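Colleague: Quick one, fold the following:
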Amino acid sequence: MRILHTSDWHLGKKIFGVSLIDIQKDILNQLLNTLINKKVQLLLISGDIFDRAIPPVEALILLNDFLLKIREIKGLNTVIISGNHDNRNRLGFLSDFLRSDNIFIRTSLVNSDKPLYFEDSNGKIAVYTFPFAEETEYRELLDLNNSSYGMSEWVFKIKEDMDKNIRNIAMGHTMLVGGIESDSERIINVGGEVGIDVSCFSGFNYVAMGHLHRRQKIKEEYIMYSGSLYKYSFSEANNKKAFLFIEMDSKGIINKTEIKYNLIRDLKVIKGDFKEIENNAYNNPNQKDFIKVILTDKEPIIDPMLRLKVYYPNLLMIEREYLKNKNASIKSQKSIDKLSNKELIEQFYKTVYEDELNEKQKAFLYELLEKTGDAYNEN
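Modeller: Numbers count the residues shown, from 1 in each chain. Prediction:
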């Protein structure tokens with residue numbers, strides 16, 4: 001069985017107020033070409049199709065166009081589950097209608113114990129779907145009276161009746177213990193737990209997860225997050241986005257291939273002092289990309305955003321390295337109200353820049369404070 005795993009499209013998302021719809025459209029066109037060229041038989045989309053519960057019109061149109069095109073691909077079956085960003089009722093609105101085109105949308109736990117069956121030359125494959133759900137839904141299914149999160153218990157219960165003589169796939173959208181997060185995921189905190197133990201998925205031949213935006217395996221080679229469609233935060237700047245292509249043989253043994261795709265506008269981080277970045281701008285191939293600049297200068301820079309946008313029109317943010325994470329209060333053996341102005345300024349400088357004032361700076365500071373008449377005020 002030739003399988004393609006993707007997730008976390010977040011159609012309609014904006015970063016710093018900038019729409020990504022054209023970029024997402026281009027990636028989905030590359031996905032369509034991959035489905036055709038690789039003769040994919042089973043497409044798995046593991047949640048967060050949209051970025052918010054009420055998606056913008058352009059996101060709805062983009063998904064509609066994609067579904068219209070994949071329904072024409074001969075031999076392709078598609079399974080979609082909802083994520084924590086999706087409104088399950090809106091996403092599942094046309095599920096009954098699309099089923100006739102081999103597009104199956106699962107947004108509820110009601111049928112999660114009833115797999116979808118597909119077949120290739122090696123026999124049957126069962127796909128179990130676990131769309132994002134609140135803890136109360138799992139407790140109702142399991143008739144649990146306590147406040148524990150019941151997803152793992154539900155999966156274990158389902159496996160009791162799972163046919164071990166055929167190949168089995170699980171799809172889910174949640175946080176698994178051991179997963180590495182990025183800055184762009186919405187935190188899932190269900191029942192106070194930080195994640196689900198992967199042991200509940202033992203016995204499946206492949207587990208197609210969504211929610212984490214970094215492509216990664218969790219403990220086992222067959223338990224995978226495909227990663228998001230695009231880099232939705234600068235913490236992902238060095239990540240390479242790809243579709244996960246899975247080939248599963250008659251025994252359920254998988255072979256994974258990462259199919260990387262092009263980004264018409266990438267997301268990059270540039271670090272250095274202002275003059276260096278400015279001087280190298282014309283030789284930098286990233287002018288069209290979304291840019292975050294980290295300035296290493298200690299001295300103030302006048303209007304750095306305005307000046308650098310001349311070279312990088314898609315510059316989205318500037319971060320001062322020496323101001324980062326400097327939100328701790330000034331520490332001293334004396335309380336702040338007992339520090340002299342000189343001591344207060346010296347300690348502020350040391351807290352922000354992790355360095356002492358040099359002799360020239362001290363001379364300027366003392367001269368300035370003497371003019372105010374309180375340079376050595378110890379009260």
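Colleague: Now for this structure, the helix or strand with the poorest mean pLDDT.
Modeller: Comparing helices and strands within the chain by mean pLDDT, DSSP states H and E singles out helix 341-353 as the least confident, with a mean of 76.
Colleague: Give me the buried positions along the longest helix along the chain.
Modeller: Ranked by residue count under DSSP state H, the longest helix found in the chain is helix 21-37. The neighbour-count check on helix 21-37 (16 or more other CB atoms under 10 Å) flags 21, 23, 24, 25, 26, 27, 28, 30, 31, 32, 34, 35 as buried. Every residue, glycine included, has its C-beta placed from N, CA and C.
Colleague: doesn't residue 61 make contact with the first one?
Modeller: No. The pair residue 21 and residue 61 fails to qualify as a contact (CB atoms under 8 Å) at a distance of 9.1 Å.
Colleague: which residues of the stretch 251-379 of the chain fall in helices?
Modeller: In the stretch 251-379 of the chain, the helices defined using DSSP state H, counting those that start in this stretch lie at 274-279, 304-308, 341-353, 359-372.
Colleague: how about CSV for those helices, with distance to residue 266 and mean neighbour count added?
Modeller: Compiled in CSV, those are given as follows (distance: least, CB to CB, whole Å; neighbours: other CB atoms under 10 Å):
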stretch, distance to residue 266, mean neighbour count
helix 274-279, 17, 15
helix 304-308, 17, 15
helix 341-353, 32, 16
helix 359-372, 40, 12
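Colleague: got the domain boundaries for the chain?
Modeller: Following automatic domain parsing, one finds the domains of the chain at 2-260, 267-323, 336-372.
Colleague: Tell me which of the ones you listed sits most buried.
Modeller: Stretch with highest mean neighbour count among the domains of the chain: domain 2-260 (a mean of 18; mean count of other CB atoms under 10 Å).
Colleague: Quote the end-to-end distance of it.
Modeller: 17 Å (CA to CA, to the nearest Å).
Colleague: how much distance is there from it to the middle of the chain?
Modeller: Here the centre of domain 2-260 is set off from its chain's centre by 13 Å, with CA atoms, centre = their mean, to the nearest Å.
Colleague: Where does pLDDT dip in the stretch 201-350 of the chain?
Modeller: For the stretch 201-350 of the chain, the stretches with pLDDT under 70 are 323-338.
Colleague: go again using 90 as the cut-off
Modeller: Counting by pLDDT under 90, the stretch 201-350 of the chain has low-confidence residues at 278-288, 298-300, 320-350.
Colleague: What are the boundaries of the strands in it?
Modeller: Under the criterion DSSP state E, counting those that start in this stretch, the stretch 201-350 of the chain carries strands at the ranges 206-210, 216-218, 220-225, 242-248, 254-260, 267-272, 290-295, 315-320.
Colleague: returning to that earlier point: tell me the one of the buried residues of helix 21-37 nearest residue 277?
Modeller: Proximity of the buried residues of helix 21-37 to residue 277 was ranked by CB to CB; the top entry is residue 23 with 24.4 Å.
Colleague: right, and the closest one touches residue 266 too?
Modeller: No. Between residue 23 and residue 266 there is no contact under CB under 8 Å: 9.4 Å.
Colleague: Indicate which one of the helices of the stretch 251-379 of the chain is closest to residue 88.
Modeller: Once the helices of the stretch 251-379 of the chain are compared by CB to CB, helix 304-308 is nearest, at 40.4 Å.
Colleague: Would you check that residue 44 makes contact with residue 35?
Modeller: No. In this structure, residue 44 is not within contact of residue 35 by CB under 8 Å, at 11.8 Å.
Colleague: okay, and the common contacts of these two?
Modeller: Residues touching both residue 44 and residue 35 (CB atoms under 8 Å, 6 or more residues apart in numbering): residue 4.
Colleague: hang on, the earlier thing: just send the strands of the stretch 201-350 of the chain back as CSV, with distance to residue 114 too.
Modeller: Formatted as CSV, the strands of the stretch 201-350 of the chain follow (distance: least, CB to CB, whole Å):
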stretch, distance to residue 114
strand 206-210, 18
strand 216-218, 25
strand 220-225, 22
strand 242-248, 21
strand 254-260, 24
strand 267-272, 40
strand 290-295, 43
strand 315-320, 45
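Colleague: Could you check those strands and tell me which one is nearest residue 141?
Modeller: The closest of the strands of the stretch 201-350 of the chain to residue 141 is strand 206-210. By CB to CB, the value is 19.7 Å.
Colleague: Give me the contacts around that closest one.
Modeller: Under CB under 8 Å, 6+ apart, the answer for strand 206-210 is 3, 5, 7-8, 44-48, 81, 83, 169-174, 176, 198, 201, 218, 222-226, 246, 248, 252, 254.
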